[in-house]
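just coords:
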């Protein structure tokens, strides 16, 4: 059997803990500076945007669509393939609407001229809500005639829906907008392809803000739950180390994402949560061995036991990390644009998580032990 670490190896991890704790502190501070000065490059899930569902009559590759969409001016597009035939896609862009307030005002004036000012109670358009507007009439109107009127006046209307209560005559007019621009670009660039717009939806900035808040709360709750679990599973000396090492892993990983401007969306958040799970698993394995050795080596100091335990688990940690790194590296280089953030977080996070289990989590327990002993000694001396 291949031996990564030879039996009897005894690296002095505890002896170098001051250097690595200082180094980690510098990295955490730099990560916080990046986060506060540059922020995260939020994807459509967190910043909002428009989602377009398209179907083609023949296969077309993701990269073809990406090039066309970026040429059309939408550089933060997220393209998802549905099925294996490469005929159906969901395209998400950061923009909310293609029409301006001036165009919305023109449409309002057209409606007033056709139906009369007295019959229109409300006309509402917001660029942040997407390519759509609401109209409330004083009486019921024919949906098909309304749609026909708008199209005849060069308004790219793709649907009109009745909304609100049955006693209200409120209608939602959905415009082609961004989807029409992308459809025309694809038809122009790919000869002989027919494009069908199945649906258009917009994710407003408020929805994106709510998702960001929910994601942050989920991460905080996870950290608290993990800390409570470690406290019950082991004791108070180990729980702070687990919490700090997880905070260390998360902050540095997010700081790197901010620095390299990699898009952070729901997939990235899922990767961070997965990373926290992997990191605590590695930390608990080390802690478990420390607890076993506390019983086995009763005459040794905690610093010596930590060194013995980490050395005993070093081969296991390296082999497990290399296995995950192998998969993450394949996803990083061959997984495409959609999985890029997830695979990068896993690749980088596994490295930083393994490092923190050895140089952060275990030494923190030693500092906690020294802190407790110091106050016990002061109490006795009093």
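It's in. What you are looking at is a predicted structure, and each value in this text was computed from that prediction instead of being measured. Numbering: from 1, shown residues only.

gap between the two ends of stretch 171-180?
The straight-line separation of the ends of stretch 171-180 (CA to CA, to the nearest Å) is 21 Å.

just name the shakiest helix or strand of this protein by mean pLDDT.
helix 362-381 (a mean of 67; mean pLDDT, DSSP states H and E).

next SSE after the helix or strand where residue 102 lies?
Per DSSP states H and E, residue 102 falls inside helix 101-115. Next in sequence after helix 101-115, counting helices and strands by DSSP H and E, comes strand 120-125.

I would like the residues contacting that next one, please.
101, 104, 107-108, 111-112, 132-138, 170 (CB atoms under 8 Å, 6 or more residues apart in numbering). From N, CA and C alone the C-beta is placed, and that goes for glycine too.

can you say which of those are buried?
104, 107, 108, 111, 132, 133, 134, 135, 136, 137, 170 (16 or more other CB atoms under 10 Å).

can you tell me which of those residues lies nearest to residue 251?
residue 132 (39.8 Å; CB to CB).

quick one: contacts for that closest one?
125, 172, 173, 174, 175, 202.

looking at the closest residue to residue 359 other than its chain neighbours now. What's its pLDDT?
Nearest residue to residue 359, sequence neighbours excluded (CB to CB, 6 or more residues apart in numbering): residue 20, at 4.0 Å. If you check residue 20, the pLDDT there is 85.

from what I see, residue 20 and residue 360 are in contact.
Yes - the pair residue 20 / residue 360 is scored as a contact, 7.5 Å apart, by CB atoms under 8 Å.

of those two, who's got more company?
residue 360 (25 against 16; other CB atoms under 10 Å).

the spatially closest residue to residue 38 that is not a sequence neighbour in helix, strand or coil?
Nearest residue to residue 38 in three dimensions, chain neighbours excluded: residue 258, at 5.1 Å (CB to CB, 6+ apart). Recorded secondary structure, residue 258: helix (DSSP: H, G, I helix; E, B strand; the rest coil).

contacts only, for residue 258.
Contacts of residue 258 by CB under 8 Å, 6+ apart are 31, 34, 35, 38, 39, 40, 41.

recalculate using a threshold of 6 Å.
34, 35, 38, 40 (CB atoms under 6 Å, 6 or more residues apart in numbering).

distance check, the last one against residue 272.
Which is residue 40. 11 Å (CB to CB, to the nearest Å).

spit out the residues that contact those two alike.
If you check residue 40 and residue 272 against CB under 6 Å, 6+ apart, no residue is contacted by both.

okay, the two: which has more neighbours?
residue 272 (24 against 20).

among the contacts of residue 258, name the buried ones.
For those, a burial check counting by 16+ other CB under 10 Å picks out 34, 35, 40.

narrow those residues to those in strands?
In strands, judged by DSSP state E, none of the buried ones among the contacts of residue 258 are found.

give me the subset of these lying in helices.
34, 35 (DSSP state H).

nearest to residue 13, of the buried ones among the contacts of residue 258?
Closest to residue 13, out of all of the buried ones among the contacts of residue 258 and judged by CB to CB, is residue 34, at 28.4 Å.

next, count neighbours for the nearest residue to residue 156 once chain neighbours are set aside.
Spatial nearest neighbour of residue 156, chain neighbours left out: residue 176 (3.8 Å); criterion: CB to CB, 6+ apart. Applying other CB under 10 Å, we find 21 residues neighbouring residue 176.

coming back round to it: mind giving me the PyMOL select for the contacts of residue 132, buried ones only?
Buried subset of the contacts of residue 132, written as a PyMOL selection, criterion 16+ other CB under 10 Å:
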select buried, resi 125+173+174+175+202
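
among the contacts of residue 132, which are in helices?
Using DSSP H, no member of those falls in helices.

turn the contacts of residue 132 into a markdown table, including pLDDT and distance to residue 56.
Output for the contacts of residue 132, formatted as a markdown table (pLDDT from 0 to 100; distance: CB to CB, whole Å):
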| residue | pLDDT | distance to residue 56 |
| --- | --- | --- |
| 125 | 82 | 31 |
| 172 | 87 | 27 |
| 173 | 86 | 26 |
| 174 | 82 | 21 |
| 175 | 80 | 22 |
| 202 | 67 | 23 |
